[in-house]
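Peer 1: Quick one, fold the following:
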Amino acid sequence: MNQIISELESELSGNVVHDEELDVIYLQRDYHKCLERYGGQSSCITIHTGVALSRALITEYRTIEAEILLSKLVDVSLRTHGHDHRASKDAMSGLTLARERKVVVRFEDVSGWFQALRYENEGEDCVVQGPIADPRNVDEEEQRSYESTRIIPFPGTPVICHGLQKAVHLNGKIGDVRDLDLKAMEDGSIDINRCVVHFEDKSLAPVKVKPTNLRVLFDLPKADDAY
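Peer 2: Sure, this is the predicted structure:
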């Protein structure tokens with residue numbers, strides 16, 4: 001876990017505008033141009049542009065936005081072009097990526113992250129698969145069950161707040177983990193203190209939340225037409 005934290009420290013440090021942020025801006029512009037030029041989402045060019053936008057959103061840890069868009073693109077492409085069309089395969093591949101729920105496990109002496117699969121025992125336990133290698137080899141992974149209090153959502157993972165006492169108005173609110181608040185321990189190691197959550201409700205400011213007050217959000221609620 002310390003190796004993961006070290007890598008995250010490097011990746012998440014600084015407040016400069018990353019190239020990925022510019023990619024999102026440019027791709028949003030291109031996607032909306034395609035919608036206007038080709039009369040909606042059914043055009044192959046529009047679908048491919050939307051998938052590219054979604055992948056850029058995932059890189060920026062804006063997974064909820066990406067999954068909402070990809071779900072629409074998959075539905076439109078399957079109805080318009082069929083399952084075997086390149087546009088449909090592209091959209092479905094992107095949706096599979098967006099639906100991965102990445103977590104790390106506190107106190108687990110394993111270098112790597114896991115894919116959260118589901119909760120069991122009324123949310124007391126979380127079933128995960130991994131550890132995930134790079135490149136990924138699913139055949140070498142295994143499923144394990146951990147107490148939910150040991151699960152830390154990885155940046156980009158959709159979550160829902162629960163059990164908050166001082167900010168009860170945030171309980172039930174959903175968002176993406178976009179950053180991690182790291183804490184130096186007395187032994188010199190680094191621990192994950194809180195997760196920085198950006199809420200789907202844009203009227204809510206980002207908040208630092210303890211991992212124990214977050215649950216991985218596996219199924220997104222039906223969304224408004226944002227794209």
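
Peer 1: burial of T49, as a residue count?
Peer 2: For T49, the neighbour count with other Cβ atoms under 10 Å is 22. All C-beta spots, glycine's among them, are computed from the backbone N, C-alpha and C.

Peer 1: Pretty sure Y38 sits against I45.
Peer 2: Yes: here Y38 reaches I45: they are 6.2 Å apart, a contact under Cβ atoms under 8 Å.

Peer 1: Those two: which is more packed in?
Peer 2: Counted by other Cβ under 10 Å, Y38 and I45 do not tie: Y38 has more neighbours, with 15 against 12.

Peer 1: Nearest spatial neighbour of the more buried one, chain-adjacent residues omitted?
Peer 2: T46 (5.2 Å; Cβ to Cβ, 6 or more residues apart in numbering).

Peer 1: ok, now which ones touch V127?
Peer 2: By Cβ atoms under 8 Å, 6 or more residues apart in numbering, the residues touching V127 are A116, L117, R118, Y119, E120, Q143, R144, S145.

Peer 1: change it to 10 Å
Peer 2: Neighbouring residues of V127 by Cβ atoms under 10 Å, 6 or more residues apart in numbering: F114, Q115, A116, L117, R118, Y119, E120, Q143, R144, S145, Y146.

Peer 1: residue ranges for the strands of the protein, please.
Peer 2: 102-105, 113-120, 125-132, 142-147, 151-153, 158-161, 174-184, 190-199, 207-209, 214-216 (DSSP state E).

Peer 1: about what we covered before: may I see the PyMOL selection of the buried members of the contacts of V127?
Peer 2: Of these, the buried ones can be selected in PyMOL as follows, counting by 16 or more other Cβ atoms under 10 Å:
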select buried, resi 114+115+116+117+119+144+146
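
Peer 1: Just say which of the strands of the chain is most tucked in.
Peer 2: Neighbour counts (mean count of other Cβ atoms under 10 Å) averaged over each of the strands of the chain peak at strand 151-153, with a mean of 25.

Peer 1: how far is it from where the chain is centred?
Peer 2: Relative to the centre of its chain, strand 151-153 is centred 12 Å away, using Cα atoms, centre = their mean, to the nearest Å.

Peer 1: Same check on stretch 122-141?
Peer 2: That offset, for stretch 122-141, works out to 15 Å (Cα atoms, centre = their mean).

Peer 1: now do the same end-to-end measure for it.
Peer 2: 25 Å (Cα to Cα, to the nearest Å).

Peer 1: what pLDDT, on average, does it get?
Peer 2: Stretch 122-141 shows a mean pLDDT of 93.

Peer 1: Dump the strands of the chain to TSV, plus distance to H85.
Peer 2: Below are the strands of the chain laid out as TSV (distance: least, Cβ to Cβ, whole Å):
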stretch	distance to H85
strand 102-105	29
strand 113-120	28
strand 125-132	30
strand 142-147	33
strand 151-153	34
strand 158-161	28
strand 174-184	30
strand 190-199	34
strand 207-209	41
strand 214-216	32
